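>>> coordinates only, sequence not included:
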């Protein structure tokens, strides 16, 4: 029997889109730029080397100019992040609705009533993460603007799409490999927190504080699990358009030249500063979606 797709969840699609939010963009784009530049850097990172790694050509510029240099690719980031957040936080409940309507008995039989509910949340998150691959071109262009602007050679968005085509999907396999466990950990750890720490039977009834605490657990778990594959994905995407370096080659050269721990480059700043971005957006979405559901 085919899965039921016309599932009506507790919240409407409009509520899920509105609740996904876009307020994080201007606040956290510079942090994302810093993380991407750290992950793309192939030399040893020392405190004295941070300035040229992070600010590049503007390392000797004034502080205001340095800060402005952290906003490359903002237009692509806006298109990507807004679409991604709406899809991720609005899509996960949709996948969860499908799983609950079609496979709840299977999850319950395997994991039990309580753990089955949490596994459905995590699995729905993983399915949502896999689907994010359709947004890869915007993500690739954003990363290139942040760490390799020379690759554009003065070309605009439409011309790049026409000339590069499928090359913008380079690294899609690594994106799926990163998103599947990362999104599983994000929604799974959040569900575990709400269930075991707050004893919530209906996760949509969580308070803002409960969503905030659960999102911290989810964000740390997601970032840590996805870190090695995120580093590989970033290095594939930040190369010139004509470059065809495989993920296996990236890993081999990275481990040989920089050591295995280089797979986790940028993890600390991502947890300390990118983590709050995810906490902020996830908390906002989980709190606003049920609220909007009362009106739309």
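Yes, it's here. All values reported here derive from a predicted model rather than from experimental measurement. Numbers count the residues shown, from 1 in each chain.
>>> so which residues make contact with stretch 117-131?
For stretch 117-131, the surrounding residues in contact (Cβ atoms under 8 Å, 6 or more residues apart in numbering) are 87-88, 91-93, 95-96, 98-100, 103-104, 107, 110-111, 176, 179-188, 190-192, 195, 203. Every C-beta, even on glycine, is put in place using the N, C-alpha and C of the backbone.
>>> phi first, then psi, for the residue minimising distance to the centre of the chain.
Closest to where the C-alpha atoms of the chain average out (Cα atoms, centre = their mean) is residue 179, at 7.3 Å. For residue 179, the backbone dihedrals (degrees, to the nearest 10) come out as phi -70, psi -40.
>>> which non-adjacent residue is nearest it?
Among residues not flanking residue 179 along the chain, residue 129 sits closest, at 3.3 Å (Cβ to Cβ, 6 or more residues apart in numbering).
>>> next, count neighbours for that neighbour.
26 (other Cβ atoms under 10 Å).
>>> what's downstream of the host helix or strand of residue 251, the next helix or strand?
Following DSSP states H and E, one finds residue 251 within helix 247-258. Once helix 247-258 ends, the next helix or strand along the chain (criterion: DSSP H and E) is helix 267-269.
>>> from the contact counts, what lies against that following helix?
In terms of contacts (3 or more Cβ pairs under 8 Å, 6 or more residues apart in numbering; DSSP states H and E), helix 267-269 is packed against helix 25-40, helix 208-237.
>>> to residue 69, which of the ones you listed lies closest?
Nearest to residue 69, of all those, is helix 25-40, at 8.5 Å by Cβ to Cβ.
>>> now do the buried residues in the closest one.
Using 16 or more other Cβ atoms under 10 Å as the test for burial, helix 25-40 gives 25, 28-40.
>>> closest one of the residues you listed to residue 229?
The nearest member of the buried residues of helix 25-40 to residue 229, counting by Cβ to Cβ, is residue 39 at 11.2 Å.
>>> any idea how far that closest one is from residue 61?
23 Å (Cβ to Cβ, to the nearest Å).
>>> same check on residue 221?
Distance from residue 221 to residue 61, counting by Cβ to Cβ: 38 Å.
>>> more neighbours, the two?
residue 221 (21 against 13).
>>> correct me, but that one touches residue 184?
No: taking Cβ atoms under 8 Å as the definition, residue 221 is not a contact partner of residue 184, at 9.1 Å.
>>> which residues are in contact with residue 237?
139-140, 143-144, 170-171.
>>> change it to 7 Å
For residue 237, the contact set (Cβ atoms under 7 Å, 6 or more residues apart in numbering) comprises 140, 143-144, 170-171.
>>> what score does it have for pLDDT?
pLDDT, residue 237: 73.
>>> what's the answer for the one 3 residues further on, then?
According to the prediction, residue 240 has pLDDT 68.
>>> residue 22 too?
46.
>>> same thing with the one 10 residues further on?
Per-residue confidence (pLDDT) for residue 32: 76.
>>> go on, residue 273?
The model's pLDDT for residue 273 equals 63.
>>> ok, residue 296 next?
Reading off the model, residue 296 has pLDDT 64.
>>> cool, and residue 77?
Note on residue 77: pLDDT of 63.
>>> now swap in residue 279 and tell me
80.
>>> ditto for residue 192
Reported pLDDT at residue 192 in the predicted model: 94.
>>> tell me how many other residues crowd residue 195.
Look at residue 195: counted by other Cβ under 10 Å, it has 18 neighbours.
>>> what about the residue lying closest to it once chain neighbours are set aside, distance to residue 101?
With sequence-adjacent residues excluded and distances taken as Cβ to Cβ, 6+ apart, residue 195 is closest to residue 118, at 5.8 Å. The spacing between residue 118 and residue 101, counted by Cβ to Cβ, is 17 Å.
>>> wait, doesn't residue 168 sit right on residue 140?
Yes: assessed by Cβ atoms under 7 Å, residue 168 is found in contact with residue 140 at 5.2 Å.
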